[in-house]
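Trainee: The following comprises the amino acid sequence and a computationally predicted model.
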Amino acid sequence: MLNNFPLWPDQASTMASRVDALYIFLLLVTGAMALLVFACVAFFAARFRHRPGVRAEQIEGSNALEITWSAIPFLIFMAIFGWGAFVFFQERTPPADAAEVYVVAKQWMWKVEHAEGQREINELHVPVGRDVKLIMTSQDVIHSFYIPAFRIKQDVLPGRYTVEWFRATKPGVYHLFCAEYCGTQHSGMVGSIVVQQPADYEAWMNGASTGPLSASGEKIFAELGCSTCHRSDTQGRGPNLQGVFGKPVQLDDGRTVTADENYLRESILDPGSKRVKGFQPIMPTFQGLVSEEQVNDLVAYIKAISLSKPINGAKTSANRAVSGDSSDTEGQTPPLPSGSKVQ
Ligand code: HEC
Ligand SMILES: [Cu+2]
C-alpha cells in the first residue's frame with residue numbers, strides 16, 4: 001500500500017515494515033491527540049463564549065477527570081515504549097549465522113570488504129533473503145551508515161567497531177547515505193546497495209574475488225611477525241589464537257572479557273589495555289603500522305581459525321609440535337567459517 005506513496009522509501013528489508021508500523025502508530029496517536037486538542041479548543045471557545053449579562057464562574061477539581069487524563073496517556077506511552085524497545089532489540093541483535101561484511105568509512109567514501117574477499121567502494125552487493133551483518137569502523141571522523149529502504153542507521157566511529165544487520169527482501173538498487181555530517185563533501189558520501197537474486201549474486205561474487213579476507217589476514221599475520229609469538233601450539237610467547245574468538249578471556253587484572261571483534265581489534269592496536277592472564281606485556285602495538293582494512297583482515301583471520309572446527313585441539317597440536325610432525329602446517333590454513341558461504 002505504501003509503495004505508491006512517495007513520502008515513504010521502499011520497504012526492502014525485514015525490518016522495514018516493523019519500523020513503519022511503529023511509526024504509523026506514532027503518527028495516528030499524535031494525530032488523534034492533535035485533533036482532540038483542537039476540537040476541545042473550538043468546542044469550549046463556542047460553549048463558553050462571552051455573553052452579555054452572564055458572569056464567568058470558576059470550575060474546580062474532578063478526581064475522575066484527572067485520573068483519566070493521566071492514566072490513558074501513561075498507558076499509551078508505555079505501549080510506545082514497549083513496542084519501540086522490542087523493535088530496537090530486533091534491529092540491534094544480528095543473527096548468529098549472518099554473513100559478515102566489513103565496512104571502513106573515510107572522508108568521503110565507503111570501503112566495503114566481503115568475508116569472501118570482494119572489495120567494493122560506495123557499493124554493497126548482497127543477495128536477497130540472507131542475513132548480513134556489517135562490522136564497521138572509520139578511518140577518520142564519525143560517519144553513519146544509513147539505508148532508508150532497510151530502515152537501518154548506525155554511527156560508524158573511529159577506533160572501534162559498531163555493528164548493524166539487515167535481511168534484504170526485494171531485489172533492486174537502494175540509496176546508501178552518510179547520515180552524520182562529516183566535512184565539506186559529506187553530502188557526496190553516498191552509495192548504493194545492490195540487492196540481487198542469489199544466482200546473480202553468486203555470479204557477481206565469482207567475478208570479483210581476490211580470495212577470502214581471512215586468507216589476506218593470514219598473510220599479514222605472517223608478514224608482521226604475529227606468528228612468531230602466536231603459534232598454533234602452546235610453545236609461543238603469546239597465547240594460541242585458535243578458538244579465542246567468542247570465548248571469555250581472563251585478564252591479569254582479574255577481569256574476564258568476551259573476545260569479540262572489538263576485543264581483537266584492541267588487542268592488535270592497543271595490547272597494553274587488556275592483558276591476557278599469564279602472559280608478559282611483550283606484544284608491541286601495531287597502531288599506525290596497519291590500515292583499517294588490514295586490521296579487518298587480521299580479525300577475519302583470527303575469527304576463521306576460531307570458528308573452524310578445532311582441527312586437532314590445542315593439546316594435540318602441542319603434542320605434534322613436540323613430536324616434530326611436519327604436517328603441523330595444516331593447522332595454519334583454516335577453512336572458511338561456514339557462515340560465509342552463499343547458499
Ligand atoms: C612479541 C610477541 C608478539 C607479537 C609479535 C604479537 N603478539 Fe599478540 N600477544 C602477545 C602476548 C604476549 C599476548 C598476551 C598478553 C597481552 O594480552 O598483551 C598477546 C595477545 C594477543 C591477542 C589477545 C589474545 C587472547 O588470547 O586474548 C591477540 C588477538 C593478538 N595478540 C594478536 C596479535 C596479532 C594480530 C599480531 C600481529 C599483528 C600480534 N598479536 C603480534 C605477543 C605478541
Ligand atoms: Cu560521512
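Mentor: Cool, got the structure. Ligands and ions are numbered 1, 2, ... in the order given.
Trainee: is it true that residue 270 touches residue 285?
Mentor: Yes. Look at residue 270 against residue 285 with C-beta atoms under 8 Å: they come within range, at 6.1 Å. From N, CA and C alone the C-beta is placed, and that goes for glycine too.
Trainee: And what about the residue nearest to residue 177 when sequence neighbours are not counted, helix, strand or coil?
Mentor: In space, and not counting its chain neighbours, residue 177 is closest to residue 146: 4.5 Å by C-beta to C-beta, 6 or more residues apart in numbering. Put simply, residue 146 is strand when judged by DSSP: H, G, I helix; E, B strand; the rest coil.
Trainee: what bridges to residue 146?
Mentor: The partner list for residue 146 in beta bridges (DSSP bridges) reads residue 153, residue 177.
Trainee: give the contact list for it.
Mentor: By C-beta atoms under 8 Å, 6 or more residues apart in numbering, the residues touching residue 146 are 152-154, 176-179.
Trainee: Please report how far it lies from ligand 2.
Mentor: To ligand 2, residue 146 is 10 Å away according to C-beta to the ion, to the nearest Å.
Trainee: mind checking how far residue 48 is from ligand 2?
Mentor: For residue 48, the distance to ligand 2 (C-beta to the ion) stands at 55 Å.
Trainee: Without its sequence neighbours, what residue ends up closest to that residue?
Mentor: Spatial nearest neighbour of residue 48, chain neighbours left out: residue 56 (7.7 Å); criterion: C-beta to C-beta, 6+ apart.
Trainee: neighbours of the one you found, just the number please.
Mentor: Residue 56 has 7 neighbouring residues, counting by other C-beta atoms under 10 Å.
Trainee: Over to residue 279?
Mentor: 15.
Trainee: Doesn't it lie inside a strand?
Mentor: No. With three-state DSSP as the criterion, residue 279 is located in coil rather than a strand.
Trainee: Please tell me I have it right and it contacts residue 238.
Mentor: Yes. Counting by C-beta under 8 Å, residue 279 touches residue 238, with 6.4 Å between them.
Trainee: what's the residue of the chain most remote from its centre sitting at in phi/psi?
Mentor: The outermost residue of the chain, judged against the average C-alpha position, is residue 53 (69.6 Å), by C-alpha atoms, centre = their mean. Main-chain dihedrals, residue 53, degrees, to the nearest 10: phi 90, psi -10.
Trainee: Now do the contacts for the residue lying closest to residue 276 once chain neighbours are set aside.
Mentor: Distance criterion C-beta to C-beta, 6+ apart; nearest residue to residue 276, sequence neighbours excluded, is residue 239 at 5.4 Å. Going by C-beta under 8 Å, 6+ apart, residue 239 touches 230, 276, 279.
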